[in-house]
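> make a model of this:
(one chain, ligands or ions: 1)
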Amino acid sequence: MAKQAQAPTERAATKQNEKQNGHTELNGQQTRQHPGTVAADTPSMTSSNAPSSPIPGPRSQALQAERERYLPRGVYTYHPIYPASGSGAEITDVDGNTYLDFAGGIGTLNVGHSHPAVVAAIAEQAAKYTHTCAHVLTPEPYVALAKRLAELAPGSSAKKTLLVNSGAEAVENAIKIARAATGRPAVISFENSFHGRTNLALALTGKLRPYRQNFGPFAGDIHTAMYPYCYRNGHSTDAPCTCGWEADLERLFLTRVAPEQVAAIIVEPVLGEGGFVAPPADFLPRLRDICTRHGILFIADEVQTGFGRTGKMFAIEHYGVEPDLMLMAKSLAGGMPLAAVVGRAEIMDAPLPGGLGGTYGGNPVACAAALAVLDVYEREGLVERAQKLGTMARDRMYAWQQRFPLVGDVRGLGAMMAIELVRDRAQRTPAAAEAAAVLAGARNRGLILIKAGLYDNVIRLLMPLVTSDEQMTRGLDILEETLAEVNAQPASAFNGAH
Ligand SMILES: Cc1ncc(COP(=O)(O)O)c(C=O)c1O
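Just a heads-up that it's a prediction; the model follows:
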C-alpha cells in the first residue's frame, strides 16, 4: 500500500495492526479507474496502514485540476499523483504517500532518485557556472564526458561524441550525420519502434496512435521494415528466427528503396515503447551484415536500453555488434536533460563546422551529473545488479504466466522485463483495459508502473538499478496481488473500457 508519512508511535501501531489484520483485499470496481483520470480512488487496502486520504490525495487532486486547466491534454500522464521527494527506488507524493517507483522516469533513473553523488556533482557545477554554450566556450565537463562515452561505446574503432538535450534530438542528429557521411537520402526504421516526438523522429516511429496521429506530413524518404516481434508474428522466439523479417527487408529493397540509396537503418536493440520485445539472437548480427554489405550505416537507438538496463552497459553488447552510430539519453544523467550521439570518428566528422550543436547541448550541469552517474555505475556495480534484478523479475513473471491466463507473454533482457496481457491465450487478444486496471490497482497498493506496446497491454518494469532485494520483492508482491485480482474479474468487466 502507498504509505502515509507517520509519526514513530503511529508506525509501531501500524506494524502491530498489520500483524493482526494479515493480508488485504482490493475492491475490484476501484481498480478499473483509468490511471489518467482525476477522480480519486478510495484506498483499497483494509489494513490499518492504508492512507487516511484517498489516492490521489487532496493536494494531488488540486494539482491535477490546475494541470488540466493549464497544460495541454497532449501531455499525458499515467498517474494523477504529484511527487514531493524521492530517494533511491521510492517516491513520496505531496500528500505524504510513499510508493515504490518501478517506472523510474521511464528508464531515466537507473541510479535512483536524487543519488547523493549526483546531487553533489550538480550543486558543485552549478556553483561554478551553469552555462556558456559550447559554441562560445566549451565546458570542460563536455569534453570529459565526450571522451568517457567514446571510450565506453562498444567496438574498437576511434569514436567521437555529440551532446544534445533529448533522445529525439539525438535521433535527428544521427540522421543528419548519416546523410552527410553517406551522401544518401533514405532511412529505414522498424514497425513498432519509438524514436521520439519531433517531426523526423515521428517519421521514423512505427506506432501511429497517439504519437504520429494528426501530426503529418512527415519528413520524406523514410521506410518501414518488420521488426521480429515473434509473439505477435505467431512464430517461435528461438533463433534462427522464422518470422520473415529478412525477406521483408529484401522486399523493401525491391519495391520501395534501393539499398544504395539508404543512408542508415535505425534500430532499437530491444523495443522500448513497442513493448520490450527482445529480438531473436541472430537479428542484430544479420542486420549488421546487411548494412555492411550495402554500405548502409547501422544506428543503434539505445535511449531506453542503455546504461545497464539489460545487464550490459549497452544492449547491443549482448549481440556482439558494433554500430556505426549509437544514441544515448535517459539514464545518462540521472534525470538531467542530456543525450548523446556517439559514433565512428570519420562519420561523426562528416557535417561541416557549425552543422551540429545547439544552445544548450552539453550543458555543464547536465554533463557533471552524467560524469557522477557513470562513477556510480562503476562504484555500485549497477550493470551486474541489473542481471540480479532481472532474474528476480523473470522468475516471478514465468510463475505468473503459469498461474494467470491474463499473462500471455513474458519477455525482455536483463532488468528490462515485461508481461504482455491478453484476454485469450489462443487469439492473443490484447487486454489493454486490464493493463490499465493493473496500473491503477498497483498504484493504490504503493507501486508505480507504466505500460508499453502497440496495443497498450504490456506492463514494463523500469525500476532503478539501486532497488534493494527487499524493495524488488515487495514491488513484485504488489504486482502479483494486483494481477491476481484483475485476472479473477470476468472479461465483461472490461468490455467497452479502453
Ligand atoms: C528508444 C527511444 N528513442 C528515442 C526516444 C525519445 O527520447 P526523448 O523522449 O528524450 O526525446 C525514446 C523515449 O522514450 C526512446 O525510448
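
> mind jotting down where the strands sit in the stretch 351-498 of the chain?
Listed in chain order, the strands of the stretch 351-498 of the chain (DSSP state E, counting those that start in this stretch) span 407-413, 416-424, 429-430, 447-448, 450-452, 458-460.

> tell me the helices and strands packed up against the longest one.
Packed against strand 416-424, as judged by 3 or more Cβ pairs under 8 Å, 6 or more residues apart in numbering; DSSP states H and E, are the following elements: helix 382-403, strand 407-413, strand 429-430, helix 432-445, strand 458-460. Backbone N, C-alpha and C define where each C-beta goes, glycine included.

> quick check: angle from that strand to strand 407-413?
Note on geometry: by axes from the mean of the first three to the mean of the last three Cα atoms, to 10 degrees, strand 416-424 and strand 407-413 are set 160 degrees apart in direction.

> next SSE downstream of the helix-or-strand element of the chain with minimal mean pLDDT?
The helix or strand with the lowest mean pLDDT-type score in the chain, counting by mean pLDDT, DSSP states H and E, is helix 28-31 (a mean of 28). Beyond helix 28-31 in the direction of the C-terminus, DSSP states H and E gives the next helix or strand as helix 58-70.

> can you pull the buried residues of that next one?
Of all the residues in helix 58-70, those buried under the rule 16 or more other Cβ atoms under 10 Å are R59, S60, Q61, L63, Q64, R67.

> of these, which is the nearest to L382?
Distances from L382 to the buried residues of helix 58-70, taken as Cβ to Cβ, are shortest for S60 (30.9 Å).

> that closest one and D95 touch, don't they?
Yes: counting by Cβ atoms under 8 Å, D95 is a contact partner of S60 at 5.7 Å.

> mutual contacts of the two, please.
Taking Cβ atoms under 8 Å, 6 or more residues apart in numbering as the contact rule, the neighbours common to S60 and D95 are I81.

> columns pLDDT and distance to the ligand on top of the buried residues of helix 58-70, output as JSON lines?
Putting the buried residues of helix 58-70 into JSON lines (pLDDT from 0 to 100; distance: Cβ to the nearest ligand atom, whole Å) gives the following:
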{"residue": "R59", "pLDDT": "97", "distance to the ligand": "28"}
{"residue": "S60", "pLDDT": "97", "distance to the ligand": "24"}
{"residue": "Q61", "pLDDT": "96", "distance to the ligand": "28"}
{"residue": "L63", "pLDDT": "98", "distance to the ligand": "23"}
{"residue": "Q64", "pLDDT": "98", "distance to the ligand": "23"}
{"residue": "R67", "pLDDT": "98", "distance to the ligand": "19"}
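
> near the ligand, which residues of the stretch 1-150 of the chain show up?
Counting by Cβ under 6 Å from any ligand atom, the residues of the stretch 1-150 of the chain close to the ligand are I106.

> residue of the stretch 1-150 of the chain closest to the ligand, please.
Using Cβ to the nearest ligand atom, the single residue of the stretch 1-150 of the chain nearest to the ligand is I106, 5.8 Å away.

> now the helix or strand hosting that residue: how far from the chain's centre is it?
For I106, the host element (DSSP H and E) is helix 104-107. Chain-centre distance of helix 104-107: 6 Å, with Cα atoms, centre = their mean, to the nearest Å.

> contacts for it, please.
Defining contact as Cβ under 8 Å, 6+ apart, one finds that helix 104-107 is touched by 89, 110, 112, 272, 304, 309, 330-331, 335, 450, 462-464.

> immediately after it, which helix or strand?
Following the chain from helix 104-107 toward its C-terminal end, the next helix or strand by DSSP H and E is helix 116-128.

> and the angle from the next helix or strand after that next one to helix 116-128?
Where DSSP H and E defines the elements, the next helix or strand beyond helix 116-128 is helix 140-152. Our comparison of helix 140-152 with helix 116-128, counting by the same axes, to 10 degrees, yields an angle of 140 degrees.

> list the buried ones in helix 140-152?
Of the residues in helix 140-152, P141, Y142, L145, A146, R148, L149, A150, L152 count as buried by neighbour count, 16+ other Cβ under 10 Å.

> so what secondary structure elements neighbour it?
When contacts are defined as 3+ Cβ pairs under 8 Å, 6+ apart, helix 140-152 packs onto strand 159-164, strand 339-344, helix 364-380.

> can you redo the ones you listed as a markdown table with mean pLDDT, mean neighbour count and distance to L204?
Converted to a markdown table, the helices and strands packed on helix 140-152 look like this (pLDDT from 0 to 100; neighbours: other Cβ atoms under 10 Å; distance: least, Cβ to Cβ, whole Å):
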| stretch | mean pLDDT | mean neighbour count | distance to L204 |
| --- | --- | --- | --- |
| strand 159-164 | 98 | 24 | 16 |
| strand 339-344 | 98 | 27 | 14 |
| helix 364-380 | 98 | 21 | 25 |
